[in-house]
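> below are the sequence and a predicted model for it; my questions follow.
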Amino acid sequence: MSNISNFVKRIRDIMRNDSGINGDAQRIEQIAWMLFLKVYDSKELDWEMDDEHYESVIPTACRWRNWARDDRSGKAMTGDTLLDFVNNTLFKTLKGLPVNAATPIRKSIVKTTFEDANNYMKDGVLLRQVINIIDELDLTDYEESHAFGEIYESILRELQSAGSAGEFYTPRAVTDFMAQMIDPQIGEKVADFACGTGGFLTSWLKALEPKATDTTKRQLYDESIFGIEKKQFPYMLCITNMLLHGIDTPAIYHDNSLTHDVLDYREEDCFDVILMNPPYGGNEKAEVKNHFPTELASSETADLFMSVIMYRLKEGGRCAVILPDGFLFNTEPTKVAIKRKLLSEFDLHTVIRMPHSVFSPYTSITTNILFFDRTGPTSETWFYRLDMPEGYKHFSKTKPMKLEHFAPVVEWWRDRREIVEEGFDKAKKYTVAELQARNYDIDLCKYPHEEEEILPPGELIRQYQEKRASLNAAIDRILADISRILGISPDELSGDKR
């Protein structure tokens with residue numbers, strides 16, 4: 001395909017003329033289901049070569065090669081005929097595929113991918129033009145397939161500007177850094193329980209691939225990922241992403257990780273490595289709390305995912321997870337219980353404080369990377385503040401964070417030492433006793449100068465709510481200590497005269 005880098009622009013220009021496409025989110029979703037079928041068809045060519053008895057789960061008339069391909073003979077469907085086929089045959093067939101628990105993953109993913117997919121285009125001629133551009137991709141050619149993998153990354157990055165879909169994308173520099181520091185090994189399995197478009201899984205595969213040096217190791221490489229994604233659209237993108245990265249049987253499931261009782265997990269449900277950026281700032285339905293022990297039953301999604309992580313990390317396993325500042329400083333009872341469990345049952349050895357604009361301009365929430373192992377309780381934790389690189393006031397869409405910006409962390413990681421700059425701690429080690437004495441307020445090695453930033457109203461309110469909850473918890477704790485010393489009962493303290 002000539003000028004592959006112009007792929008997205010060509011499709012965007014066509015879709016802008018279609019009255020059914022309303023905004024970037026619909027445009028990207030429209031591209032996504034067509035790309036999935038194109039990529040899946042290319043994979044089926046490989047599977048047919050490897051297995052002469054291979055049978056597609058997709059009926060013959062609905063396979064990409066049989067309805068989408070235009071041989072320029074004038075027989076390819078277009079206009080109203082194409083629209084009628086897509087809306088009334090293709091989608092109905094793929095949504096209703098006969099799939100059960102015994103169906104192999106590489107076949108069942110077709111139905112789950114299309115469960116909530118939609119065709120938004122209303123002009124069959126324009127739809128034919130888009131399909132033809134997508135069909136120009138030669139995914140059987142290694143160089144072109146690799147080049148398109150890069151283009152697909154750009155499509156995923158566009159999610160950041162597609163409204164709420166941006167919650168699914170973590171900057172590649174961050175996922176690559178976390179995978180690099182986790183140091184994947186052949187034979188290990190990694191999990192992401194809110195995997196979005198598969199960024200962490202992609203970074204894991206990139207770090208692991210140089211070690212897959214023979215057929216046996218390659219098979220272990222192929223079987224090394226596990227993901228769960230609640231929302232249909234990013235699930236579709238993730239499946240396509242894994243197929244593009246050569247994973248024939250992507251163990252990616254369309255499910256909600258928070259609707260399973262954490263106490264029911266067994267050893268076979270646990271993983272060697274967990275890499276995650278859990279959704280935060282959101283709330284699940286009240287009944288979701290019933291799946292967690294009472295003391296861990298938070299209403300905040302990031303807290304709930306932390307509990308899932310702790311219950312699903314293998315003995316000896318390693319984890320790197322992104323969490324907002326609120327998790328560090330908040331001392332309300334549920335967050336304290338989660339941090340107490342983390343420090344008493346896991347080795348929280350490193351916390352990397354990240355600059356406020358890593359996810360800019362899509363969110364201003366400040367985040368941190370927590371690295372911990374299931375090798376016994378924490379004895380000491382290192383905190384390291386990653387400052388803005390020279391020449392940057394903040395990251396942005398045009399000046400995003402790059403992997404090389406983590407170079408100071410990588411250098412420090414290998415030779416850890418405490419660092420003080422301008423009278424402020426940049427890197428410091430704390431014993432678990434010191435963290436416990438702070439009532440698990442582990443907001444340490446903070447940025448010394450508050451940078452002026454304008455937060456969206458929802459984020460500003462949420463930040464104030466977290467700070468208020470933390471202060472209230474601290475006040476309640478101090479009052480309880482005073483009343484205990486003075487011998488005052490809780491009822492007297494509250495003024496209850498009953």
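Now that the structure is in, tell me what you want to look at.
> what residues are up against residue 29?
Shown in contact with residue 29 (Cβ atoms under 8 Å, 6 or more residues apart in numbering): 117-118, 120, 233. C-betas here are computed from N, CA, C, even on glycine.
> and residue 424, how many neighbours?
14 (other Cβ atoms under 10 Å).
> for it, name its beta-bridge partners.
Following DSSP bridges, residue 424 is listed with bridge partners residue 421.
> and the gap between it and residue 353?
Distance, residue 424 to residue 353, by Cβ to Cβ, to the nearest Å: 12 Å.
> just to revisit the earlier point, now the contacts of residue 29: which count as buried?
117, 120, 233 (16 or more other Cβ atoms under 10 Å).
> among the residues you listed, which lie within helices?
Taking DSSP state H, the ones among the buried ones among the contacts of residue 29 that sit in helices are residue 233.
> the stretch 51-200 of the chain: helices as residue ranges?
Along the stretch 51-200 of the chain, the segments classed as helices by DSSP state H, counting those that start in this stretch run 64-67, 79-85, 91-95, 105-114, 124-135, 142-158, 172-182, 199-208.
> for the closest residue to residue 278 other than its chain neighbours, give me its contacts.
Spatial nearest neighbour of residue 278, chain neighbours left out: residue 305 (3.5 Å); criterion: Cβ to Cβ, 6 or more residues apart in numbering. For residue 305, the contacting residues are 193-194, 257-258, 276, 278-279, 321, by Cβ under 8 Å, 6+ apart.
> touching, residue 289 and residue 299? I think so.
Yes: counting by Cβ atoms under 8 Å, residue 299 is a contact partner of residue 289 at 7.2 Å.
> more neighbours: which of the two?
Between residue 289 and residue 299, residue 289 has the larger neighbour count (other Cβ under 10 Å), namely 17 against 14.
> of the contacts of residue 305, just the buried ones, ChimeraX syntax please.
To isolate the buried ones among the contacts of residue 305 in ChimeraX, judged by 16+ other Cβ under 10 Å, type:
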select :193,194,257,258,276,278,279,321
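> among the contacts of residue 305, show me the least confident.
Among the contacts of residue 305, residue 279 carries the weakest pLDDT, at 87.
> ok, now how distant is the spatially closest residue to that one that is not a sequence neighbour from residue 292?
Computed as Cβ to Cβ, 6+ apart, the closest residue to residue 279 that is not its neighbour in sequence is residue 301, at 4.8 Å. Distance of residue 301 to residue 292, given as Cβ to Cβ: 12 Å.
> could you point out the longest strand in the chain?
Secondary structure of the chain per DSSP state E: the longest strand is strand 313-324.
> show me what the very next helix or strand once past it is packed up against.
Per DSSP states H and E, strand 313-324 leads on to helix 325-329 as the next helix or strand towards the C-terminus. Applying 3 or more Cβ pairs under 8 Å, 6 or more residues apart in numbering; DSSP states H and E, one finds that helix 325-329 contacts helix 301-312, strand 367-373, helix 457-486.
> what does the following helix or strand past helix 325-329 contact?
The helix or strand immediately downstream of helix 325-329 is helix 333-345, counting by DSSP H and E. Contact with helix 333-345 is made by 295-298, 303, 306-307, 310, 327, 348, 372, 374, 377-378, 381, 432, 435-436, 439-440, 442, 473, as judged by Cβ under 8 Å, 6+ apart.
> what's the domain layout of the protein?
If you go by automatic domain parsing, the domain ranges for the chain are 4-155, 162-453, 456-498.
> just name the most buried of these.
Each of those was assessed for mean neighbour count using mean count of other Cβ atoms under 10 Å. The highest is domain 162-453, with a mean of 18.
> starting at the chain centroid, how far to that domain?
Centroid separation between domain 162-453 and its chain, computed with Cα atoms, centre = their mean, to the nearest Å, is 9 Å.
> contacts only, for residue 374.
Applying Cβ under 8 Å, 6+ apart, the residues contacting residue 374 are 313-319, 345-347.
> how close does it sit to residue 365?
For residue 374, the distance to residue 365 - Cβ to Cβ - is 27 Å.
> grab the most central residue of the protein for me.
Taking Cα atoms, centre = their mean, the centroid of the chain lies closest to residue 195, which sits 3.9 Å from it.
> picking that back up, show me which pair in the contacts of residue 29 is furthest apart.
Of all pairs drawn from the contacts of residue 29, the widest gap by Cβ to Cβ lies between 120 and 233 and measures 12.2 Å.
> re the thing from before, mind giving me JSON lines with the contacts of residue 305 and columns for distance to residue 19?
What follows is those, written out as JSON lines (distance: Cβ to Cβ, whole Å):
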{"residue": "193", "distance to residue 19": "39"}
{"residue": "194", "distance to residue 19": "35"}
{"residue": "257", "distance to residue 19": "38"}
{"residue": "258", "distance to residue 19": "38"}
{"residue": "276", "distance to residue 19": "40"}
{"residue": "278", "distance to residue 19": "38"}
{"residue": "279", "distance to residue 19": "33"}
{"residue": "321", "distance to residue 19": "43"}
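> since that was my last question, I'll sign off now.
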